[in-house]
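S.K.: Structure of the sequence below:
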Amino acid sequence: MSDLAPFPLISAATPGPISILHLEDSELDHELVVMHLEGDLPWPVVIERVEAEDTFLAALRERPPHIVLSDFALPGYNGLSAFRSAHELYPNLPFIIVTGAMGEEVAVDTLRQGVTDYILKQRLERLAPSVRRALAEAEGQASRERAEQSVRDLNQSLQARLLEVERLRNTAERQSQRLEVQARQLEEALNLQKTFLAETSHELRTPLTALLGYLRRADREVGGSQVVQDAQRVAENMTRLVNDLLQLSRGELVQSIEMHYMNIGNLLRQVGRDYGVQADVPDTEIVGDPGRLTQVFVNLVTNAVRVSGGGDKVRLELNVRAGEVEVDVVDSGPGVPDAVKPRIFDKFYRGKEAGSAGLGLTIAQQVVTSHGGRIDVLDTPGGGATFRVRLPLPDEEGDEEFA
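M.R.: Purely as a prediction, here's the structure:
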């Protein structure tokens, strides 16, 4: 049955023609049926007559009709057997018995078994309306089944989507739980960092204070030794760095900025001498804190020397622009990847590209910002990284304030 084509359906809106299979052994009765159907149906009619079981079954299989009309009593065959055969092949195929005589009990039994209708040959005027009604019911049944199938398909689709939503929800919950665990671990790590920095800063402040005291006394006793003065300056910078680390570990900003006129060219040349870095820069006056700016450029230079592999691969440049001075710390090292650039000044960010221990560049940024400037990281042409510091030049109105 699965290899058979479905029987055709038709409605009043279909132009037709309709195909009728008529199981009838009487030529005269067949012609009467044709006469009562042609012209009384809204479609053209094609009626095929068969007389026996074998030709009936062959026609059903080879040329499925829209509807079957069958006599009840035939030689060696009957309409009820024909209905069962047709129903087995096409369960919803309309089937009308057209017979000369049928007892009421037999008629009721045929209807109970699923025959669509029965028409007495003496009342053939009922045949065309019965055919129209049977075809309409078949179309309606097919429409309901299509709708039911659509509902089943939709339910299956919705069920599949609900299962997918549930799977995604479970996945999201698992990811959320993992993120919560990672967030707690990160918070614990940051707290450990802060604790370490605070404790380390406290531990370093005492020997640094003592060292600075010894250096100051040695300077007084020696009387202006350049070596002692350089050591004293480095110790002062280290003390300031330790204090900054302590402030940042507490979430505080860098403080103690003392602004006055200074020669940033001298500052950069001194940093270059201390770390073996080329610094052919001109004298340029700005308003700033020499100690803090020294801290900035020492940090940037030492980072550049560390990542590039030597002071000979680093240089300091200074250019005066409109309203600002631009200082570049240029290296020919591995450079800073684009993905790292936005995070390189973040507190506690660590990366070999930055050469940072986690706070040095954060402190540098805060010092530059406190001076009204800005710091950026760029790519060095040919390879490497360039840290660019922009600081404002003093205007004429501010001359008296810092004079």
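
S.K.: Okay, now the unreliable bits of the stretch 251-400 of the chain?
M.R.: Applying pLDDT under 70 to the stretch 251-400 of the chain picks out residues 251-256, 347-359, 396-400.

S.K.: How about the contacts made by residue 85?
M.R.: Shown in contact with residue 85 (CB atoms under 8 Å, 6 or more residues apart in numbering): 53, 56-57, 60. For every residue, glycine as well, the C-beta is placed using N, CA and C.

S.K.: hmm, 10 Å instead?
M.R.: 53, 56-57, 60, 68, 77 (CB atoms under 10 Å, 6 or more residues apart in numbering).

S.K.: same thing with residue 70?
M.R.: For residue 70, counting by CB under 10 Å, 6+ apart, the contacting residues are 21-24, 50, 56, 77-83, 86, 95-99, 115, 118.

S.K.: quick one: which of these sit in helices?
M.R.: In this view, those that belong to helices under DSSP state H are 56, 79-83, 86.

S.K.: Next, count neighbours for the residue lying closest to residue 138 once chain neighbours are set aside.
M.R.: Using CB to CB, 6 or more residues apart in numbering and skipping the chain neighbours, the partner closest in space to residue 138 is residue 94 (4.9 Å). When neighbours are counted by other CB atoms under 10 Å, residue 94 registers 27.

S.K.: Distance-wise, check residue 94 relative to residue 68.
M.R.: According to CB to CB, to the nearest Å, residue 94 and residue 68 sit 7 Å apart.

S.K.: quick one: common contacting residues for the two?
M.R.: Common neighbours of residue 94 and residue 68 (criterion: CB under 10 Å, 6+ apart): 7, 20, 86, 115-116, 134.

S.K.: okay, who's weakest in these by pLDDT?
M.R.: In terms of pLDDT, residue 7 ranks lowest among the shared contacts of residue 94 and residue 68, with 60.

S.K.: could you check the distance from residue 337 over to residue 158?
M.R.: 46 Å.

S.K.: hang on, I meant residue 334
M.R.: Distance of residue 334 to residue 158, computed by CB to CB: 55 Å.

S.K.: Could I get the buried residue list for the host helix or strand of residue 306?
M.R.: Residue 306 is part of helix 290-308, with elements assigned from DSSP states H and E. When burial is assessed from 16 or more other CB atoms under 10 Å, helix 290-308 yields the following buried residues: 290-308.

S.K.: helix or strand right after that helix?
M.R.: Scanning forward in sequence from helix 290-308 by DSSP H and E, the next helix or strand is strand 314-321.

S.K.: List just the nearest of the contacts of residue 85 to residue 32.
M.R.: residue 68 (17.3 Å; CB to CB).

S.K.: Tell me how far stretch 51-62 lies from the chain's centre.
M.R.: 61 Å (CA atoms, centre = their mean, to the nearest Å).

S.K.: Over to stretch 110-125?
M.R.: Distance, centroid of stretch 110-125 to centroid of chain: 65 Å (CA atoms, centre = their mean).

S.K.: try stretch 40-58
M.R.: 62 Å.

S.K.: Kindly check the end-to-end length of that stretch for me.
M.R.: Terminal residues of stretch 40-58 are spaced 28 Å apart (CA to CA, to the nearest Å).

S.K.: In it, which residues are buried?
M.R.: Neighbour counts over stretch 40-58 (16+ other CB under 10 Å) mark 41, 43, 45, 47, 49-51, 53, 56 as buried.

S.K.: Just the buried ones from the contacts of residue 70, in PyMOL syntax?
M.R.: Command for PyMOL that selects the buried part of the contacts of residue 70, burial taken from 16+ other CB under 10 Å:
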select buried, resi 21+22+23+24+50+56+77+78+79+80+82+83+86+95+96+97+98+99+115+118
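
S.K.: Let me see the backbone angles for the closest residue to residue 258 other than its chain neighbours.
M.R.: Nearest non-adjacent residue to residue 258, counting by CB to CB, 6+ apart: residue 289, 5.0 Å away. With angles defined as degrees, to the nearest 10, residue 289 sits at phi -100, psi 110.

S.K.: Show me where this structure has its helices.
M.R.: Ranges of helices in the chain, per DSSP H, are 27-37, 53-62, 79-89, 104-113, 127-222, 226-249, 264-275, 290-308, 360-370.

S.K.: now for the ones you listed, which one comes closest to residue 284?
M.R.: For residue 284, the closest of these is helix 264-275, at 5.1 Å, according to CB to CB.

S.K.: in that closest one, what counts as buried?
M.R.: Result for helix 264-275 [16+ other CB under 10 Å]: buried residues 264-265, 267-272, 274-275.

S.K.: ok so, going back, of all the contacts of residue 85, which comes closest to residue 34?
M.R.: Nearest to residue 34 among those, counting by CB to CB, is residue 68 at 15.0 Å.

S.K.: Who does the closest one form a beta bridge with?
M.R.: For residue 68, the beta-bridge partners under DSSP bridges are residue 21, residue 95.

S.K.: tell me the contacts of it?
M.R.: 7, 20-23, 56, 59-60, 79, 82-83, 85-87, 90, 93-97, 115-116, 134.

S.K.: try it again with 8 Å
M.R.: Contacts of residue 68 (CB under 8 Å, 6+ apart): 20-23, 60, 82-83, 86, 93-96.

S.K.: what pLDDT does it get?
M.R.: We have a pLDDT of 95 for residue 68.

S.K.: cool, and residue 207?
M.R.: 79.

S.K.: circling back: of residue 334 and residue 158, who's got more company?
M.R.: The residue with more neighbours, out of residue 334 and residue 158, is residue 334; 15 against 10, by other CB under 10 Å.

S.K.: where's that one relative to residue 304, distance?
M.R.: According to CB to CB, residue 334 and residue 304 sit 11 Å apart.
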